[in-house]
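> Turn this into a structure:
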Amino acid sequence: MRRLWLQRILTKVIAFLITLILLVYVSTIAFSKEDRLNTSGSTGMFERQRLTVEYGINCSAVYDMEPLEVGKCLVVRRNKKYVEPPDKNIVNATSDCVRFLASQGFNELQGSEFEREFPLAYSLVVHKNADLVERLLRAIYMPHNVYCIHYDLKSSDDFKSAMQGLASCLPNVFIASKLERVQYAGISRLKADLNCLYDLLESEVKWKYVINLCGQDFPLRTNAELVSDLQTLKGMNMVESKRPGGKMQRWSFHHALKNDKAEYHEYPVSTSEDKPPPPHNIEMFVGSAYFTLSREFALFVQWSSLAKDFLFWSEDTFSPDEHFWATLVRVPGVPGEVPRSDPDITELHSKTRLVKWSYLEENLYPPCTGDHIRSVCIFGVGELRWLLNYGHWFANKVDPNVDPILIECLEVKLLGKLLMSKNK
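A predicted model of the protein is given here:
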């Protein structure tokens, strides 16, 4: 028994010494090198920080949770070596589209015949960090797909110019024809996605499914893997849809936008005015703002008088994006209908997003190794294996300011799978 106790103590001491050595090693490198974050407006070229290269981090070893490699990641994160690139970098880089597309590898992304026969559409509702948006776009990009970018009217001028630059360089990427001033938990968030959805339906690309993303999402599957999964849906939608429970107050009363100098400036606040029940005897369900929808269901949303009436009724509710899709997929007779009698579709059943809530950690999934914001985990590098193996399609949320190595390793792992599929 005493021997086992001594072994445990020795293991802890060794782990502490390894971390201390790594801290000294990485700190030495950090002070002896300048951050590689250069941009040139005249050439359209820019070099992004690659911390995995700079600090000799092997993503396969991180995936295998080798202590030394994970220790390096933790030290880099502790030293806060990531420097968020200014939005102007993307503006400058996209001023020369030929060089930009070549330097960022867009020209190398072609896709197989299998993928080209099953094109996808994306709605990207974004508002900041143009560099991260470009990384997301590159990770999901295929020339036969189509992409709509909706930027917030409140965004900075540089961010707007960066998004316009991306759209000007990529022929299958465009800016939404109608833009919203997006307000937290208000109807404008839902309308932003709808604006893109309607534009995407007008595209010459006859896509099979549409997926909406935000600026802190990142793919966990290659395009080919995603297409393979979507084909098995056979026209069904992938949407979270649950009984409302305690969330009925969100639409029981009229909500009005309140002006505030707080983080969100305006947000819907409940009044004492009762709301009428939803139109057409619609039974309410709740879920997420995020979806994977078939083309047929998207056309129903665009043209159905029921969907239009429900949208109008939802305008003065709280966070309508979290009940609009969840409810419509349960309407009898809609394309890909989920019967009302079916069990709840939770975020664990819906593969569109992998989200980790703080109050469910150590119960439904392991603890967050990154950081939390409003009860949501911003993933850390310790979750790399879990993210890639859980079976979902996109991770929410990632943020290089919290853990830059995670995103780099996701890029490396996805690129590795893409190269392997090409060599088969």
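> rest of the way, CA atoms for contacts and neighbours
Fine.
> shaky segments in the protein?
1-46, 260-265, 424 (pLDDT under 70).
> Give me the domain ranges for it.
Domain segmentation of the chain under automatic domain parsing yields 51-81+353-391+393-424, 241-328.
> Using JSON lines, lay out these together with distance to P143 and mean neighbour count.
Formatted as JSON lines, these follow (distance: least, Cα to Cα, whole Å; neighbours: other Cα atoms under 10 Å):
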{"stretch": "domain 51-81+353-391+393-424", "distance to P143": "15", "mean neighbour count": "17"}
{"stretch": "domain 241-328", "distance to P143": "19", "mean neighbour count": "18"}
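> Make JSON lines out of those and add distance to E117.
Shown next, in JSON lines, are those (distance: least, Cα to Cα, whole Å):
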{"stretch": "domain 51-81+353-391+393-424", "distance to E117": "17"}
{"stretch": "domain 241-328", "distance to E117": "14"}
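> now for the helix or strand that contains L419, which elements pack on it?
Using DSSP states H and E, L419 sits in helix 404-422. Helices and strands touching helix 404-422, by 3 or more Cα pairs under 8 Å, 6 or more residues apart in numbering; DSSP states H and E, are helix 51-54, helix 59-63, helix 384-389.
> Identify all contacting residues around the last one.
Contacts with helix 384-389, where a contact means Cα atoms under 8 Å, 6 or more residues apart in numbering, come from 62-64, 220-221, 354, 395, 406, 409-410.
> what do you get for the second one?
With contact meaning Cα under 8 Å, 6+ apart, helix 59-63 is reached by 52, 69-70, 381-382, 384-385, 409, 412-413.
> before we move on, the earlier item: for the helices and strands packed on helix 404-422, which one sits closest to L109?
The closest of the helices and strands packed on helix 404-422 to L109 is helix 384-389. By Cα to Cα, the value is 21.2 Å.
> for the closest one, the distance to its chain's centre please.
With Cα atoms, centre = their mean, to the nearest Å as the basis, helix 384-389 stands 15 Å off its chain's centre.
> do stretch 65-78 as well
Taking Cα atoms, centre = their mean, the mean C-alpha location of stretch 65-78 is offset from the chain mean by 24 Å.
> Over to stretch 248-268?
25 Å.
> Which one of the contacts of helix 384-389 is nearest to G370?
Using Cα to Cα, L406 comes nearest to G370 of the contacts of helix 384-389, at 9.6 Å.
> Give me the spatial nearest neighbour of that closest one, chain neighbours excluded.
V381 (4.5 Å; Cα to Cα, 6 or more residues apart in numbering).
> Distance check, that neighbour against V62.
Separation of V381 from V62 (Cα to Cα, to the nearest Å) stands at 8 Å.
> Likewise for E113?
Distance of E113 to V62, computed by Cα to Cα: 33 Å.
> Quick check: which helices or strands does the helix or strand hosting I90 pack against?
Following DSSP H and E, one finds I90 within helix 88-93. Under the contact definition 3+ Cα pairs under 8 Å, 6+ apart, helix 88-93 sits against strand 38-40, strand 45-47, helix 130-140, helix 157-169.
> just the helices in the stretch 1-150 of the chain please.
Here the stretch 1-150 of the chain has its helices, by DSSP state H, counting those that start in this stretch, at 2-32, 51-54, 59-63, 67-78, 88-93, 97-103, 113-116, 130-140.
> Now do the last one against helix 157-169, angle only.
Interaxial angle, helix 130-140 versus helix 157-169 (axes from the mean of the first three to the mean of the last three Cα atoms, to 10 degrees): 30 degrees.
> what sits up against helix 130-140?
Outside helix 130-140, the residues touching it (Cα under 8 Å, 6+ apart) are 85-87, 89-90, 104, 106, 126, 159, 162-163, 166, 215-219, 222-223, 411, 414.
> one more time with 7 Å
Helix 130-140 is contacted by residues 85, 87, 90, 106, 159, 162, 215, 218-219, 223 when judged by Cα atoms under 7 Å, 6 or more residues apart in numbering.
> Looking at those residues, state which has the most neighbours.
Of these, I90 is surrounded by the most neighbours, 29 neighbours in total, counting by other Cα atoms under 10 Å.
> Identify the residue nearest it in space, chain neighbours excluded?
I90 sits nearest to A162 (Cα to Cα, 6+ apart), 5.3 Å away.
> Take stretch 388-402, keep the C-alpha atoms, and write them as PDB.
Extracted as PDB, the C-alpha positions of stretch 388-402 are listed here (Å, rounded to 0.1, in the frame of the first residue of the first chain):
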ATOM      1  CA  LEU A 388     -13.200  14.400 -33.600                       C
ATOM      2  CA  ASN A 389     -14.600  11.100 -32.400                       C
ATOM      3  CA  TYR A 390     -18.000  12.100 -30.900                       C
ATOM      4  CA  GLY A 391     -19.700  11.900 -34.300                       C
ATOM      5  CA  HIS A 392     -21.000  15.500 -34.700                       C
ATOM      6  CA  TRP A 393     -20.200  17.700 -37.700                       C
ATOM      7  CA  PHE A 394     -19.300  21.100 -36.300                       C
ATOM      8  CA  ALA A 395     -17.800  22.300 -33.000                       C
ATOM      9  CA  ASN A 396     -19.200  25.300 -31.200                       C
ATOM     10  CA  LYS A 397     -17.300  27.200 -29.800                       C
ATOM     11  CA  VAL A 398     -13.700  27.700 -30.800                       C
ATOM     12  CA  ASP A 399     -11.700  30.800 -30.100                       C
ATOM     13  CA  PRO A 400      -7.900  31.200 -30.800                       C
ATOM     14  CA  ASN A 401      -7.800  33.800 -28.000                       C
ATOM     15  CA  VAL A 402      -8.700  30.900 -25.600                       C
END
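> Beyond the helix or strand hosting W313, next helix or strand please.
Using DSSP H and E, W313 falls within helix 305-314. Going down the chain from helix 305-314, the next helix or strand is helix 324-328, by DSSP H and E.
> what's the helix holding W313 in contact with?
With contact meaning Cα under 7 Å, 6+ apart, helix 305-314 is reached by 278-280, 301, 320.
> Please repeat the previous calculation with a cut-off of 10 Å.
Residues from elsewhere that reach helix 305-314, judged by Cα atoms under 10 Å, 6 or more residues apart in numbering: 186-187, 190-191, 250-251, 254-255, 275-280, 282, 300-302, 304, 320-321, 323-325, 327-328, 331.
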